[in-house]
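1. No letters, just coordinates:
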């Protein structure tokens, strides 16, 4: 489907938008790309992200309203355990406090998930002295329902998810399943009451095919790769994600935040650049897809730009597929 799109912040390279509405105002929490000069590889070495800015929509229409950069909300130098690469982030509000969750490599080059706390949605945020216990990999999403908060995370290849099984690091290092074996999945866990730790052991976010069988690792156009996001529509839970090397955003539907989720289709076809990362939010009576591509950098994978377009549901609850290349 051809859909009008907008570049939200063309004056700087930002990506991986997590979007939330607080007190009627829309806020965007992206990663921030910097020119690195490092050649591309399968592990994302070319990405140089060292701070977070929070953007806000200064109006009611994501397609036309001005966007404000509220400045640096958190930077690498603030984090005691920091190594490099502040990946995507997401946020939750509880009892008047804002909790920013961010994956970052520690001093041993292992991704952990940090938490930083602020008094305002735009920050600044003060990081906890240590990462979350038992955390690993990248691409966080926080979902709240009835006072319970769920943290989703995970990404393979450079996201290091393949280094773990049952929440433990493998002795053999990275291992991917065979093509006919169940695919690696995102992970999910409830958060503790203080929002700073897992309240339980993370569990797999299982995605099923039309026959009720888990998607296999060789099902490259449908299986999970990275960039999980959860939202709720008409009483159903939609888990959406990137397929990575096949460059699609797909989604699956379930009956509760843990899943399992049944694959339903594509949200976005390939964009300019290697892949994309997204969020879905309702704002002023419409649904919106926020994502990124590398159009403004003319295809440089590590210099990405934020975009938005309207998302349309069919009567049966499925989502109209959006053409990623169409402007």
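-> It's in. This one's a predicted model, so the numbers in the text were calculated from it and none came from an experiment.
2. rest of the way, CA atoms for contacts and neighbours
-> Noted.
3. show me what contacts residue 321?
-> Residue 321 is in contact with 1, 265, 266, 267, 268, 269, counting by C-alpha atoms under 8 Å, 6 or more residues apart in numbering.
4. which regions of the stretch 1-150 of the chain lie under the pLDDT threshold?
-> In the predicted model of the stretch 1-150 of the chain, residues 36, 38, 40-46 satisfy pLDDT under 70.
5. Buried subset of the contacts of residue 321, written for ChimeraX?
-> The ChimeraX command for the buried members of the contacts of residue 321 (criterion: 16 or more other C-alpha atoms under 10 Å) is given here:
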select :265,266,267,268,269
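6. Let's have the contacts of residue 321 in JSON lines, adding secondary structure.
-> Supplementary listing: the contacts of residue 321 in JSON lines, determined by DSSP: H, G, I helix; E, B strand; the rest coil:
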{"residue": "1", "secondary structure": "coil"}
{"residue": "265", "secondary structure": "strand"}
{"residue": "266", "secondary structure": "strand"}
{"residue": "267", "secondary structure": "strand"}
{"residue": "268", "secondary structure": "strand"}
{"residue": "269", "secondary structure": "coil"}
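7. ok, so of the contacts of residue 321, who is nearest residue 71?
-> residue 268 (30.0 Å; C-alpha to C-alpha).
8. residues of stretch 233-252 that come out buried?
-> Under the neighbour-count criterion of 16+ other C-alpha under 10 Å, stretch 233-252 has 237-244, 246-252 buried.
9. Mind picking the two most distant members of the residues you listed?
-> The most widely separated members of the buried residues of stretch 233-252, counting by C-alpha to C-alpha, are 237 and 246 (24.0 Å).
10. Give me the residues contacting the one helix or strand residue 16 maps to.
-> With the criterion set as DSSP states H and E, the secondary-structure element containing residue 16 is strand 14-22. The list of residues contacting strand 14-22 from outside it, by C-alpha under 8 Å, 6+ apart, reads 26-33, 88-91, 121, 141, 276-281, 283, 290-293, 303-306.
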